[in-house]
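Enquirer: Give me coordinates for this.
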Amino acid sequence: MSRTTRFADSAGVLGAAFAALCCAGTPLIVSAVAAVGLGFLRSDAVLWPLMFASLLVALWGFWTGWRLHGSAGPLVVAVVGAAALVAGIVFIHGFPAKQVIRAGAVALIAAMLWNASARRRRSTIPLGIRRVTSRI
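Expert: Model (predicted):
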């Protein structure tokens, strides 16, 4: 497995969560972005494409993880989290949107940790046993 594949889900999740939480106006993220002089990133014209591209990278990473370790759980949780992020940014407005965005970000981070754990468990199984269990 290449390094790109190994970190695609993590990088995508972090990028999407950053963009979505910035769109939601999370005070810590908004003030940090402004403090480092990147206030121009607060535009929806920048954040929406960043979020969608990051979600695509993350979902590709989860899909390759599913193909590697065979556990569909992280992919399913990631798809639900991605749908919540998109719904919170695009379709839902006001206070409920912030709650949906935060729930989507938490779901994506949980899926990222679950996927990393499943990948790590898969890599510690000896090759001979891995071949036998993959045929069952």
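
Enquirer: alpha carbons only for contacts and neighbour counts from here, please
Expert: Noted.

Enquirer: list the helices and strands whatever helix or strand Met51 lives in packs on?
Expert: Taking DSSP states H and E as the definition, Met51 sits inside helix 44-69. Identification of packing neighbours for helix 44-69 by 3 or more Cα pairs under 8 Å, 6 or more residues apart in numbering; DSSP states H and E yields helix 3-23, helix 73-86, helix 95-124.

Enquirer: And the average pLDDT for the shortest one is what?
Expert: Mean pLDDT, computed over helix 73-86, is 96.

Enquirer: Tell me which residues are up against that helix.
Expert: 20, 55, 59, 62-63, 66, 100-108, 110-112, 114-115 (Cα atoms under 8 Å, 6 or more residues apart in numbering).

Enquirer: okay, the angle between the helix holding Met51 and helix 3-23?
Expert: Interaxial angle, helix 44-69 versus helix 3-23 (axes from the mean of the first three to the mean of the last three Cα atoms, to 10 degrees): 140 degrees.

Enquirer: List the buried residues in helix 44-69.
Expert: 44, 47-48, 50-52, 54-66, 69 (16 or more other Cα atoms under 10 Å).

Enquirer: now that helix, how far from the chain's geometric center?
Expert: 6 Å (Cα atoms, centre = their mean, to the nearest Å).

Enquirer: for the record, mean pLDDT for that helix?
Expert: 91.

Enquirer: angle of that helix against helix 73-86?
Expert: Using the same axes, to 10 degrees: helix 44-69 against helix 73-86 is 170 degrees.

Enquirer: quick revisit: switch the helices and strands packed on helix 44-69 over to TSV; also include mean neighbour count and distance to Val36.
Expert: Listed next are these as TSV, based on neighbours: other Cα atoms under 10 Å; distance: least, Cα to Cα, whole Å:
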stretch	mean neighbour count	distance to Val36
helix 3-23	21	14
helix 73-86	22	25
helix 95-124	19	23
